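**Student:** Okay, predicted coordinates and the sequence, questions at the end:
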Amino acid sequence: MGLALVLALIVAPEDADQGISQRIFYIHVPIALTAYFCFGLGAVKALLLLWRGDERYDLESYVAIHQGTIFGALTLITGAIWAKASWGVWWTWSSNQLVLFLVLFLFYCAYFMLRYSLEDGPRRARSSAVYALFGVALIPVSFLAIRLAEDFIHPTVFTRDGPQMSGTMFATFVVSWGAVTLLAYVLYRVELAGKRLDADLRELREALQ
Amino acid sequence: MIRGRDVEKRYGRKRVLRGVDIAVPRGGFAVVTGANGSGKTTLLRLLAGLALATRGDLVVDVDRSQIGYLAHEPLVYRELTAMENLDLFGRLYRVPERRERIGMLLERFTLWEVRNERVSTYSRGMTQRLALCRALLHDPDLLVLDEPYSALDEDGAAVLDAELEGLAGKHTVVLATHDPDRVAQLQTARLALA
Amino acid sequence: MTYLADVAALTRKDLRVELRGRDTLPAMLLFVLSTLVVFHFAIPDDAGESAAYGLLWVAIVFTALLGLARAWVPEQEHGVLDGLVLAPCDRSAIWLGKTLATLAFLLAAQAVALPVFVLFFEPLDATALAGVLLADIGICAVGSLMSAMAAAARAREVLLPLLVLPLAIPLVVGGVGAAVSADGERFLLFLLLYDAVFAVLSWASFEYVVTE
């Protein structure tokens, strides 16, 4: 599976022959979409935790959000590279997408601070779940806020151009998106399995004592 | 009224209660003993409904409004007076004839004189007595008391003895204590936690 | 309705506790006034009038955080929160009572701070004030919940701002926009949306934060 992933990720950019800026786009946008998806998944698991009360969902929610945050960080990094390649600056406030991710990134980092500060147990699971739900509510609200803020924050200096996609470009995009999603899924399963294994080992050790 | 089998409670990795069986019929008087750290408080919290068991079945067949709980902490506001505290809880518990009931309890536990003083001025014993008033305020069917005799002086303890005697048989009581002999006459069941 | 009666009893209790203890409100007041004075020295001359509004909102958010950090302290002394959770009333009533009380304190602090702001810096019109009110509601609603979450945690003084600030960003946008923009009503509507979404979310999820 890993091999297929790597191949897909390399092939996709090579198909695009428009230069670095466009190539990054093929990675940047799928990564961003995947991050959104992970946050959404985390929220769904959180809702299930609160509704069903099964603590298994806590770990699943946590791992999903962890993945989402990693991909969010990657979004910011690839976004910065793209900005540098397209406009010559590492950061710009005029890209709503990037600003939104910055806010979300801060929010979800606080999620980990929350988990870190609470003792393991139902309290932590529930508080994390509630916070995860606030996260997805924040996504559209923040987006709206950032749009509105354009009114009085620096006027848009750079035109926000999304490249028009022709057939082959679109195909490349889809392949890239598929590859990134697959990567996220694999990472999710790996991390989840790893954490579950940890927990099981601990239980075993305790039972033997 | 209370039926529990193989009850387990863990907080993350820490297992506080394990394999506990408990059965208390209506009107029963159960005494829970055990060393510090054996999980008495956790068990009582589960019975009061403040926490859910991680594993096992635990059924407490009584509505939240009919449970009176006395914890290690007094569960009263420091900056409010006894009257204000009981008035607040009286409202939240929808106690009928609130004023009269509060007056009666304060008198019984000899807090009437200080009813308009802030709890922050009370001694430990007085605070404990107020906590008892709070637990008994709504005349609950089930009383869950976590070491009620601690911090009480002889007079206070005597009042509590009388109170418990009056309640035994009619209300269900679960009491955790280091001094089980005190209530040995009233008890119908004993549970010793390891 | 007994629900509202419960909320009223709880809010009254919070107001009474604050009146007796006098911990929170004076601190909030002094903090916001000090901050405004600091701002005078912090804004360069040529920054333009809008900068002042931005700083006002920073002051408001941090003052609110100060109040929120202390919001659940009375419930933690003597473990009273358990007592409230055990009561037959709806747990969300506990949240609502606390939110209303915190809102009252914030408004009280602003009743002094806003005139001072106008005195030191820039005028505030009706739209700006409406923005302040709506944003106050939002921050108290969300903040009460987050404060309850943080209350059980280590390093809670540090945790609370971390949890609240990202959520406060849209409120700042709304508030500053209402004060600065020509089309202030849009921002008021936005704040209304924020309040509706997050107040309902906080109201509904409080139960899960205080029970196990």
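**Tutor:** Cool, got the structure.
**Student:** before we move on, what SS does B:Val59 have?
**Tutor:** Secondary structure, DSSP: H, G, I helix; E, B strand; the rest coil: B:Val59 is strand.
**Student:** Residue of chain B closest to chain A, please.
**Tutor:** Chain B approaches chain A most closely through B:Gly12 (2.4 Å), counting by C-beta to the nearest C-beta. For glycine as for every other residue, the C-beta is placed from the backbone atoms N, C-alpha and C.
**Student:** show me the contacts for the closest residue to that residue other than its chain neighbours.
**Tutor:** Of all residues not flanking B:Gly12 in the chain, A:Asp120 sits nearest, at 2.4 Å (C-beta to C-beta, 6 or more residues apart in numbering or on different chains). The contact partners of A:Asp120, by C-beta atoms under 8 Å, 6 or more residues apart in numbering or on different chains, come to B:11-13.
**Student:** C:Gly177 versus the most centrally placed residue in chain C, what's the distance?
**Tutor:** With distances taken as C-alpha atoms, centre = their mean, C:Cys140 lies nearest the centre of chain C, 3.5 Å away. Applying C-beta to C-beta, to the nearest Å, the value for C:Cys140 to C:Gly177 is 20 Å.
**Student:** near chain A at all, the helix or strand harbouring the residue nearest to the centre of chain C?
**Tutor:** Remark: C:Cys140 resides in helix C:126-151, with elements defined by DSSP states H and E. Yes: using C-beta under 8 Å from any C-beta of the partner chain, helix C:126-151 comes into contact with chain A via C:142, C:145, C:149-150.
**Student:** So B:Tyr69: helix, strand or coil?
**Tutor:** Following three-state DSSP, B:Tyr69 is assigned to strand.
**Student:** wait, what's in contact with A:Gln67?
**Tutor:** Taking C-beta under 8 Å, 6+ apart, one finds A:38, A:184, A:187-188, A:191 in contact with A:Gln67.
**Student:** just to confirm, which helix or strand has the closest residue to chain B within chain A in it?
**Tutor:** Here chain A gets closest to chain B at one residue, A:Asp120, 2.4 Å apart by C-beta to the nearest C-beta. Under DSSP H and E, no helix or strand contains A:Asp120.
**Student:** and what of A:Asp198?
**Tutor:** Per DSSP H and E: helix A:167-208 holds A:Asp198.
**Student:** which of the residues in the helix or strand encompassing C:Ser34 are buried?
**Tutor:** C:Ser34 belongs to helix C:24-42 when assigned by DSSP H and E. Buried residues in helix C:24-42, counted by 16 or more other C-beta atoms under 10 Å in any protein chain shown: C:24-25, C:27-29, C:31-33, C:35-36, C:39.
**Student:** Equivalent analysis for stretch C:2-15, please.
**Tutor:** Buried, per 16+ other C-beta under 10 Å, within stretch C:2-15: C:6-7, C:9-15.
**Student:** quick one on the thing from earlier: give me the neighbour count for the residue of chain B closest to chain A.
**Tutor:** 16 (other C-beta atoms under 10 Å in any protein chain shown).
**Student:** residues contacting it?
**Tutor:** A:119-121, A:124.
**Student:** Against A:His66, how distant is it?
**Tutor:** Distance, B:Gly12 to A:His66, by C-beta to C-beta: 18 Å.
**Student:** Can you name the residues bridging to B:Leu142?
**Tutor:** Legend: beta-bridge partners of B:Leu142 under DSSP bridges are B:Ile67, B:Thr172.
**Student:** can you tell me which residues contact it?
**Tutor:** Neighbours of B:Leu142 in contact, by C-beta under 8 Å, 6+ apart: B:1-2, B:47, B:60, B:62, B:66-68, B:171-174.
**Student:** I'd like those as a markdown table, with neighbour count, distance to B:Trp112 and pLDDT appended.
**Tutor:** As requested, the contacts of B:Leu142 are exported to a markdown table (neighbours: other C-beta atoms under 10 Å in any protein chain shown; distance: C-beta to C-beta, whole Å; pLDDT from 0 to 100):
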| residue | neighbour count | distance to B:Trp112 | pLDDT |
| --- | --- | --- | --- |
| B:Met1 | 16 | 33 | 80 |
| B:Ile2 | 20 | 34 | 86 |
| B:Leu47 | 26 | 31 | 91 |
| B:Val60 | 21 | 34 | 88 |
| B:Val62 | 17 | 30 | 89 |
| B:Gln66 | 16 | 26 | 93 |
| B:Ile67 | 23 | 26 | 94 |
| B:Gly68 | 23 | 21 | 94 |
| B:His171 | 20 | 24 | 90 |
| B:Thr172 | 27 | 29 | 91 |
| B:Val173 | 24 | 25 | 91 |
| B:Val174 | 26 | 29 | 92 |
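**Student:** The helix or strand in which A:Leu138 is found vs helix C:126-151, what angle?
**Tutor:** Per DSSP H and E, A:Leu138 falls inside helix A:122-149. Using axes from the mean of the first three to the mean of the last three C-alpha atoms, to 10 degrees, the inter-axis angle of helix A:122-149 relative to helix C:126-151 is 160 degrees.
**Student:** who in chain C is up against chain A?
**Tutor:** Residues of chain C that fall close to chain A, judged by C-beta under 8 Å from any C-beta: C:50, C:142, C:145, C:149-150, C:152-156, C:159, C:162-163, C:165-167, C:169-170, C:173-174, C:176-177, C:180-181, C:183, C:186-187, C:190, C:193-194, C:197-198, C:201, C:205, C:208-209, C:211-212.
**Student:** re earlier: report the inter-axis angle for the next helix or strand after the helix holding C:Cys140 versus helix C:126-151.
**Tutor:** Using DSSP H and E, the helix or strand that follows helix C:126-151 towards the C-terminus is helix C:156-180. Relative orientation of helix C:156-180 and helix C:126-151, computed by the same axes, to 10 degrees: 170 degrees.
**Student:** Many thanks, I have nothing further to ask.
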